[in-house]
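1. Got a sequence here, can you build the structure:
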Amino acid sequence: MSSKDGILFSDIFDIEDIDKDGKHFDRVSRLFAKCDSNDAKVTLDYNVELYPLEIGDRFTLTLASTLSLTGESGAGGQGVKKESWRPNQTEKTLADEYEYVMHGKVYRYDDAHETNVSVYISFGGLLMQVEAEYRLLQNIVVGEHVFLLMRK
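-> Below is the predicted model:
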């Protein structure tokens with residue numbers, strides 16, 4: 001998959017820890033996960049009531065610029081129709097293939113590491129950090145809106 005079809009990053013992660021620094025909110029936990037195939041790491045705040053996870057669980061994490069299956073932008077570009085979350089939507093979207101979806105904004109890109117870069121995204125206060133090789137995260141741009149999609 002490529003940025004051409006709207007997918008910015010996608011891989012399978014194993015949860016190594018949850019709330020290792022303590023639990024601060026009733027409905028939110030912070031997971032720490034790692035990918036075996038490329039040593040990517042993710043730290044993610046998520047709603048435990050909507051999507052319960054446990055240490056040892058394996059999940060697919062995808063970051064996309066759009067939910068359109070054709071890759072057409074709709075996440076807030078000028079002159080482009082915004083995507084709908086209405087339940088009566090008849091058109092199939094990328095979200096139909098996943099169990100947990102959030103919409104957020106990339107607010108920081110850190111390339112201070114020798115081989116890896118870190119991307120930081122806020123989903124309405126739920127934060128995420130993805131650390132991976134530059135080539136895997138190069139299509140993610142600060143200031144752009146992205147969709148996070150997860151499935152077990």
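2. how deep is residue 124 tucked in, by neighbour count?
-> 9 (other C-beta atoms under 10 Å). Where you see a C-beta, it was placed from the backbone N, CA and C, and this is true even at glycine.
3. low pLDDT regions in this structure?
-> Across the chain, the ranges flagged by pLDDT under 70 are 1-4, 73-89.
4. all helices for it, in order.
-> 134-137 (DSSP state H).
5. show me where it has strands.
-> Along the chain, counting by DSSP state E, strands occupy 7-18, 28-34, 41-47, 58-64, 100-110, 116-123, 126-133, 145-151.
6. Dump these to TSV, plus distance to residue 71 and mean neighbour count.
-> Shown next, in TSV, are the strands of the chain (distance: least, C-beta to C-beta, whole Å; neighbours: other C-beta atoms under 10 Å):
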stretch	distance to residue 71	mean neighbour count
strand 7-18	8	17
strand 28-34	26	19
strand 41-47	23	19
strand 58-64	9	20
strand 100-110	17	16
strand 116-123	20	19
strand 126-133	21	19
strand 145-151	12	20
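7. Same list, those strands, but as TSV with distance to residue 94 please.
-> Below are the strands of the chain laid out as TSV (distance: least, C-beta to C-beta, whole Å):
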stretch	distance to residue 94
strand 7-18	8
strand 28-34	21
strand 41-47	18
strand 58-64	6
strand 100-110	9
strand 116-123	16
strand 126-133	18
strand 145-151	6
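8. What separation is there between residue 42 and residue 150?
-> Distance, residue 42 to residue 150, by C-beta to C-beta, to the nearest Å: 10 Å.
9. actually residue 104, sorry about that
-> Taken as C-beta to C-beta, the span from residue 104 to residue 150 is 13 Å.
10. what touches both of residue 42 and residue 150?
-> Here residue 42 and residue 150 share the contacting residues residue 61, scored by C-beta atoms under 8 Å, 6 or more residues apart in numbering.
11. so residue 59 bridges to which residues?
-> Bridge pairing for residue 59 (DSSP bridges) gives the partners residue 13.
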